[in-house]
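Asker: Prediction below, plus the sequence it came from.
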Amino acid sequence: MPTIQLSNLTKTYPGSTTPAVNNINLTVNDGEFLCLLGPSGCGKTTILRMIAGIEHASGGVISIGDKIVDSVAHGTYIPPEKRGVGLVFQSYALWPHMTVEQNVDFGLRLQKVATKERIARCQDVMEKLRIADYAKRYPAQLSGGQQQRVALARMLAVNPGVLLLDEPLSNLDATLRLEMRNELRRLHETFGTTIVFVSHDQWEAMTLATTIAVMSAGHVQQTGTPDEIYATPANRFVAEFIGTPRLNLIPLHQQHSQLSHHLHQRFALHDHTQLCGIRPEEVVISEGTSRDSVPVTINNIMPTGGSWVIELAVGEDRLLHSTQLRPRWQMHQQVYCQLPASSLHFFNHNGLRHQVAAH
Ligand SMILES: Nc1ncnc2c1ncn2[C@@H]1O[C@H](COP(=O)(O)OP(=O)(O)OP(=O)(O)O)[C@@H](O)[C@H]1O
């Protein structure tokens, strides 16, 4: 299975002055399940369409395996059907006048695969995707999730080296979404296909991907495993984009902030260190005082179905704590919170993560 390499990849649509994709460098390794994650309009779909070949790059190079498939400078552009990639869109685009079986068979027919092998491959992929029972039905006679699986089966039947998925779960309800996530993960394990998946849903990305590339405004902000992205966000954007409830951000240069004062006592903070972040589940609450604890008031207790979000007041500052344990605190109770040093993320005036030393 091929590696996909994007080098200084840029796309500016005609009539636009701002690049939709701005000088991106990204490698998708063999067998990797990479998720392009970011808010609407950040350029995820544009990248996918350029890899597929249905959009031309304005600059930079795309290679699949050892072949350059798009490069303005080299004058190279390989058409989609010669790239060995399968693209599944948000809308499944099944042929309505063909049965499930005929839809799955479609690509194999185009490739002029021998009849016997076509039948065997269709059957195999339909069984793996659990749609063999609907082989004779038309798309209109299937549920959204079943149609989704037919679209995937149609792609997998032709055995693409690379599978590109553009928010393929976005039209499904919550239960089906979960089912399809498991299905996709199973597929990745079974077929070992290199997958590039576009999503704006952080949980989808965290639960599915082996690697996440977090994007904003045409740039890749950080690439890493789900764990790395969550535990060591490279900048403020990534830190805030990932995690629910959002990471707490404490401004470090506000005169009357008790939390800021507390952090200045513990750490050597310079002017360029602007913000300190801590995830709500890392904030520790206790009844008694201890070293490095801060007195706080329980300001609000919000149940979120199986977990709780608690708002703490520290003077004018507010801090969120989240927990899976039913809280034993009362509204307005005075308690103490701790901000463990290993859970703190410091960001400079450019929003970049950096280290600070303890006093
Ligand atoms: N065909 C086009 N012509 C002009 N501009 C476009 C075209 N397609 C996309 N854009 C613009 O390029 C930018 C990136 O769009 P893109 O669809 O890649 O973002 P996205 O991250 O996939 O968004 P979403 O999650 O909403 O699908 C957006 O500002 C969009 O308006």
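Answerer: Arrived safely. Residues are numbered from 1 along each chain as shown.
Asker: what mean pLDDT does the longest helix anywhere in the chain have?
Answerer: The longest helix of the chain (DSSP state H) is helix 174-191. The average pLDDT for helix 174-191 rounds to 80.
Asker: Verify the stated contact: Val335 with Arg328.
Answerer: No - between Val335 and Arg328 there is no contact under CB atoms under 8 Å: 10.0 Å. All C-beta spots, glycine's among them, are computed from the backbone N, C-alpha and C.
Asker: neighbour-wise, which of these two wins?
Answerer: Taking neighbours as other CB atoms under 10 Å, Val335 and Arg328 compare with Val335 leading, 21 against 9.
Asker: what's the distance between the nearest residue to the more buried one once chain neighbours are set aside and Ala140?
Answerer: Distances taken as CB to CB, 6 or more residues apart in numbering place Ile285 nearest to Val335, at 5.3 Å, with adjacent residues excluded. As judged by CB to CB, to the nearest Å, Ile285 and Ala140 stand 54 Å apart.
Asker: of these two, who's got more company?
Answerer: Legend: neighbour count by other CB under 10 Å for Ile285 and Ala140, higher for Ile285 (20 against 9).
Asker: Check the spacing between the more buried one and the ligand real quick.
Answerer: Going from Ile285 to the ligand by CB to the nearest ligand atom, to the nearest Å gives 37 Å.
Asker: does that residue sit in a helix, a strand or a coil?
Answerer: strand (DSSP: H, G, I helix; E, B strand; the rest coil).
Asker: do the same with Glu204
Answerer: Counting by three-state DSSP, the backbone at Glu204 sits in helix.
Asker: Look up how far the ligand lies from it.
Answerer: As judged by CB to the nearest ligand atom, Glu204 and the ligand stand 12 Å apart.
Asker: which residues sit in contact with that residue?
Answerer: By CB atoms under 8 Å, 6 or more residues apart in numbering, the residues touching Glu204 are Cys35, Leu169, Arg177, Arg181.
Asker: ok, it to Pro19 distance?
Answerer: Counting by CB to CB - Glu204 and Pro19 are separated by 26 Å.
Asker: again with Gly59
Answerer: 9 Å.
Asker: more crowded one of these two?
Answerer: More crowded of Gly59 and Pro19, by other CB under 10 Å: Pro19, with 20 against 17.
Asker: The nearest residue to the more buried one once chain neighbours are set aside: neighbouring residues, count only.
Answerer: Distances taken as CB to CB, 6+ apart put Thr12 closest to Pro19, at 4.6 Å, once the chain neighbours are dropped. When neighbours are counted by other CB under 10 Å, Thr12 registers 16.
Asker: next one: the one 3 residues further on
Answerer: The local packing count at Gly15 equals 5, with neighbours defined by other CB under 10 Å.
Asker: How is it assigned, secondary-structure-wise?
Answerer: Going by three-state DSSP: Gly15 is coil.
Asker: and what of the one 3 residues further on?
Answerer: What three-state DSSP gives for Thr18 is coil.
Asker: I'd like to know how far the closest residue to Leu263 other than its chain neighbours sits from Leu247.
Answerer: Spatial nearest neighbour of Leu263, chain neighbours left out: Cys276 (5.5 Å); criterion: CB to CB, 6+ apart. Applying CB to CB, the value for Cys276 to Leu247 is 10 Å.
Asker: now Glu204
Answerer: Distance, Glu204 to Leu247, using CB to CB: 19 Å.
Asker: are any of the contacts of Glu204 buried, and which?
Answerer: Buried residues within the contacts of Glu204, defined by neighbour count using 16 or more other CB atoms under 10 Å: Cys35, Leu169, Arg177, Arg181.
Asker: Not counting sequence-adjacent ones, nearest residue to Pro80?
Answerer: Gly53 (3.8 Å).
Asker: what do you get for Gly218?
Answerer: According to CB to CB, 6+ apart, the nearest residue to Gly218 is Asn22 (3.7 Å).
Asker: Kindly report the same for Thr10.
Answerer: Looking at Thr10 with CB to CB, 6+ apart, the closest residue is Gly59, at 3.9 Å.
Asker: What's the separation between the one you found and Val21?
Answerer: According to CB to CB, Gly59 and Val21 sit 10 Å apart.
Asker: what residues are shared contacts of these two?
Answerer: What both Gly59 and Val21 touch, as defined by CB under 8 Å, 6+ apart, is the set Leu9, Thr10.
Asker: start to end distance for stretch 183-198?
Answerer: 16 Å (CA to CA, to the nearest Å).
Asker: Check the secondary structure at His74 for me.
Answerer: Under three-state DSSP, His74 comes out as coil.
Asker: give the contact list for it.
Answerer: For His74, the contact set (CB under 8 Å, 6+ apart) comprises Val61, Ile68.
Asker: before we move on, what about the one 4 residues further on?
Answerer: Contact partners of Ile78, counting by CB under 8 Å, 6+ apart, are Gly53, Lys67, Val69, Asp70.
Asker: what residues does the stretch 51-200 of the chain put near the ligand?
Answerer: For the stretch 51-200 of the chain, the residues in contact with the ligand (CB under 6 Å from any ligand atom) are His200.
Asker: For the stretch 51-200 of the chain, which segments are assigned as strands?
Answerer: 59-64, 67-71, 76-77, 85-88, 162-166, 194-199 (DSSP state E, counting those that start in this stretch).
Asker: Number of residues surrounding the residue nearest to Gly218?
Answerer: So Asn22, with other CB under 10 Å, has 18 neighbours.
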